[in-house]
Each structure stands twice: as structure tokens, then as C-alpha cells.
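Engineer: Quick one: sequence and predicted model below, then my questions.
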Amino acid sequence: MNPRSNITVNSKPSQVELKYWYDNGTVVSFTQEDGRIHHGKITSYQPMGTDTLIWVEGSNSAVYLRDIKTYSFTPKESIFIDAKSDSAEKVGLVVGDKTFWVDKTILSDRVDYFKAMFFRTHMKEAEEKRADLSDLLSPQEAEIFFSRVDADHCYDLTLKQAQIFLEAATKLSAVEWAEKAQARIDEFTADFFWAVRNKDYKKMSDLFNQGADINSKFDKFAINKMDGFVNDCPNDTPLTFAVRSEDFALTEYLLRNRANTEVYYKQYTPLMEASSGHRPALVKLLLEKGANPNTSSDMSGFGKVSAMHMVFLSIQEWLVDERAKSTSEIVGLLLANGSTETHDEIANILKKNKRSDQIIALFEKIWKEQSDIHQVRKKDAVSSSSSEKLSSEGSAYPSSFISSAERRLSNESLDESKTNNSNRKRRQK
């Protein structure tokens, strides 16, 4: 291996590369369109919009970035090209005792060779979950990568890569890079926000496959948007938005993709929101997917409340008759799924918040009806369980076998009865 080997690229360098070479005294060679060659260290350079004017030691004239046809540079001693890499397709980038083989086409696209080394090896390994990225980078490699790669390269990261990158940058205290990676993740989260907002299931599915967090908080993406929805719900997650929108299909889709039911929009969980909105179908769906009926929230003016409280607190006096049926259904669902709220707790909060006699009367009526139904169901369940247990304990055979045997005996008895009747009729004749 020859530490003085050059990397030659048939393209123009970036301004970031020029700055790095200037700062580090790197020897470079620029070949202009007219064939003139400038060789040596960069003594000065002047950015001019997308162009740059470059002065190279030993040259009588400056060179414009736009006029460069090819260029080459000599890396530092610790990073160099394998002298035996005569392949037309790859070059070997060496750091310490490691060699990273990189396609020359990557370099010809002006991608910084540190980035090329990084993404062709460590990132791929980290993406395949074989190792943690921060563990894959030695201190020397981390210093090289995080100090010399163009920050704009973060904009090329996929969501999964950005998440891996953020974790590594955070562990390695590379603050600037952590911020760049987070900015890239935020771009994907913003896309996810609008996919949910517009109910674009294909886009949501694509983002899930890329690693989007289904429980993303949308606060930073819901600012300064001229939309009533956005201004009204700065802290929504996809699920809280779906439930608030009373969208059953979207709620079901998000729950099927394992959305967390124990999240809060303002002070409401999705179950509290559905109970408050008197939507029995949504309440049933959330409970089936594991929503906890006893999750509570400290609400100003109400105290500690749960979904059961919200069913009654949300009723307006002029809606008592209209909401009676849905209220009864929701109370029944909550009791059947483990709600531990008591009659006195609900009654005290209703009185404390000065609910009308009409609302309190509705509460008393529904609570008695549903509590009685719930108690009967509990007794039936206990009785059924006890019968099953006695049946299986009192026999050497399982209850399923006994039931099957009973059916066979019944059928045999029926057949015997039919035969006896037939014989009796023949004798009478």
C-alpha cells in the first residue's frame, strides 16, 4: 500500500472539499477543460455563488471551479488508497488496519470519500441490525467522519439511516450531526403528519415500512399552518387525531399497526375522547385493542377523571334524551372491560361540578341498569366456571369428552326409542 496514492475523479470538487483541502494543506491537481494543469496546495479560494476561484501554489493563474475537467488529491497518511487497486470499478480506502472498498462511481459523483467509506460499510451493517453504529466506529473513524463529511449529506439519508445516525451522533457527542439527523427525521415526521391528515393510507404504509413512528407527536409540524385542524391540535398523535375526528376506519388502521392507546391529546386519552364524544363503536374498538378504562387525568375544574367520568360530564342538559342510549352502551362496555369507578365517585364529581338534576337522574338510572346487568354476567361467568370445574374434577375424563359422550348416549336412546315404537306398531297390526 502506498500512502502517497491519489484519488482521481472526473468531476468538479465541492466547496466543502476545497475548504477541507485548504485547511489541511492537501496537495491537489486540477486539470482544466483547455488541458492546463494546476498542481500543489491551495493557497487561497474565493466562493462566488455556485462557482469558486481557486489559487494553487506554483501556478501563474487562478482556476475557476466551472473550468475543472478532472482533479486528484492525496489523502493524509492515515487514510490512503491501496496501490494495488487497479480495478476499473473500485478503490480501497484505508483507515488504520481496515480497508473499505468503494465504487469509483461514488467518487465521480463528488460524494466525499469519507461518506462513501461510511455508507458502504458501517451504515449497511447497522441497518441490518448486526451492530450498533457507534460501536462500529473507532474513535479515529468517528473523528474523521463527523468532522469532515459535508453536513448537507444528511439530507440524503433514509428515515432508518437518520435514526441510526442520530443515535450514533448522540452517543459520540457529535451535537451538530445529531441536530442534522434530527432535522432529517423531522422531515419524515412532517410527511407522516400530512399523510394522516389527508388519510393517505398508501403514504402511511410507505412511511411505516421506512420506520416512521406511529406514535409521533405532531406539535412542531402543526405550527403556523393556515388550517383549523392544525391550529386546534398542536400535540396530536395519529390515533388521538383519528378518534377526535370520529374516523372509525382510520382508528382501526392505526390500532392494527399497534398505535399506543395510552397517549394524551391535551388531557384526554383516545378512550376518554371517544367516551366524551359518545361513540360506542370507537369505545368498543379501543377496549378490544387494549385501552385501559381506568387511565385517568387531572383536569382543571373536574379533578381526577377517567373515561367513565367523561361519559356523564360531557352530557349537556338539552342532549340528555338524545345521549341516553349511547351513554348506556358505553357504561356497559367500560364495566365489562374492568372499569373500577364506583357509583359514589361519579356522583360526587357530577354534584361538585353542578350538573343538573336531569343529568344526575340519568346517571342514577343508567348506573343501576348497567350495574345490575354487569353483576348478573359476573355471576353467570362464575357459575359457568364452577360447573366446568366440577364436571372435569368429578370424572376421569375431560369435560369436552363428557359432553361428547352425553350426546352419543342421547342419540342411542333416541334410536332405541324409535325401534321400540316400530316394533309396538307391528304387534298391534
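Structural biologist: Cool, the structure landed. Numbering: from 1, shown residues only.
Engineer: Least confident secondary structure element in the protein?
Structural biologist: Here the helix or strand of the chain ranked lowest by mean pLDDT, DSSP states H and E is strand 79-81, holding a mean of 41.
Engineer: give me the number of residues near the nearest residue to residue 257 once chain neighbours are set aside?
Structural biologist: The spatially closest residue to residue 257, leaving aside those adjacent along the chain, is residue 214, at 5.5 Å (CB to CB, 6 or more residues apart in numbering). C-beta: built from backbone N, CA, C; applies to glycine. Neighbour count of residue 214, defined by other CB atoms under 10 Å: 18.
Engineer: so residue 214, which of the three states?
Structural biologist: Classification of residue 214 using DSSP: H, G, I helix; E, B strand; the rest coil returns coil.
Engineer: The strand ranked longest in the chain - which strands sit beside it in the sheet, and in what orientation?
Structural biologist: Longest strand of the chain, by residue count under DSSP state E: strand 37-48. When pairing is defined by DSSP bridges, strand 37-48 lines up against strand 27-32 (antiparallel), strand 51-56 (antiparallel).
Engineer: Of the ones you listed, which is nearest residue 324?
Structural biologist: With CB to CB, the closest approach to residue 324 among the strands paired with strand 37-48 belongs to strand 51-56: 75.6 Å.
Engineer: and that closest one, C-alpha only, in CSV?
Structural biologist: Extracted in CSV, the C-alpha atoms of strand 51-56 (Å, rounded to 0.1, in the frame of the first residue of the first chain):
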residue,chain,number,x,y,z
ASP,A,51,-18.6,28.9,-8.6
THR,A,52,-15.3,29.3,-6.8
LEU,A,53,-12.0,31.0,-7.8
ILE,A,54,-9.0,28.9,-6.7
TRP,A,55,-5.3,29.8,-6.4
VAL,A,56,-2.8,26.9,-6.3
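Engineer: ok, then the element right after that strand?
Structural biologist: strand 63-64 (DSSP states H and E).
Engineer: residue boundaries of the strands in the stretch 251-400 of the chain?
Structural biologist: Taking DSSP state E, counting those that start in this stretch as the criterion, the stretch 251-400 of the chain carries its strands at 297-299, 303-305.
Engineer: Low-confidence bits of the stretch 251-400 of the chain, can you list those?
Structural biologist: 300-301, 383-400 (pLDDT under 70).
Engineer: and with 80 instead?
Structural biologist: 299-303, 378-400 (pLDDT under 80).
Engineer: So the residue nearest to residue 257 sits against residue 208, correct?
Structural biologist: Yes - contact criterion CB atoms under 8 Å: residue 214 and residue 208 qualify, at 6.8 Å.
Engineer: which residues of the stretch 101-250 of the chain fall in helices?
Structural biologist: 104-108, 113-120, 122-127, 133-136, 139-148, 159-171, 175-197, 201-210, 228-232, 238-244, 248-256 (DSSP state H, counting those that start in this stretch).
Engineer: residues in contact with the shortest one?
Structural biologist: I take that to be helix 133-136. 122, 123, 125, 126, 142, 164, 165, 167, 168, 171, 172 (CB atoms under 8 Å, 6 or more residues apart in numbering).
Engineer: And the spatially closest residue to the fourth one that is not a sequence neighbour, what's its pLDDT?
Structural biologist: Right, the one you point to is residue 126. In this structure, residue 126 finds its nearest non-sequential neighbour in residue 133, 4.1 Å apart by CB to CB, 6+ apart. pLDDT, residue 133: 72.
Engineer: Is there a neighbour count for residue 133? I'd like the number.
Structural biologist: 22.
Engineer: what does residue 37 give?
Structural biologist: Neighbour number of residue 37 under other CB under 10 Å is 12.
Engineer: can you list the domain ranges for this protein.
Structural biologist: Using automatic domain parsing, the domains assigned to the chain come out as 1-84, 235-379, 395-428.
Engineer: Let me have those in JSON lines, extended by distance to residue 202.
Structural biologist: Below are those laid out as JSON lines (distance: least, CB to CB, whole Å):
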{"stretch": "domain 1-84", "distance to residue 202": "36"}
{"stretch": "domain 235-379", "distance to residue 202": "12"}
{"stretch": "domain 395-428", "distance to residue 202": "46"}
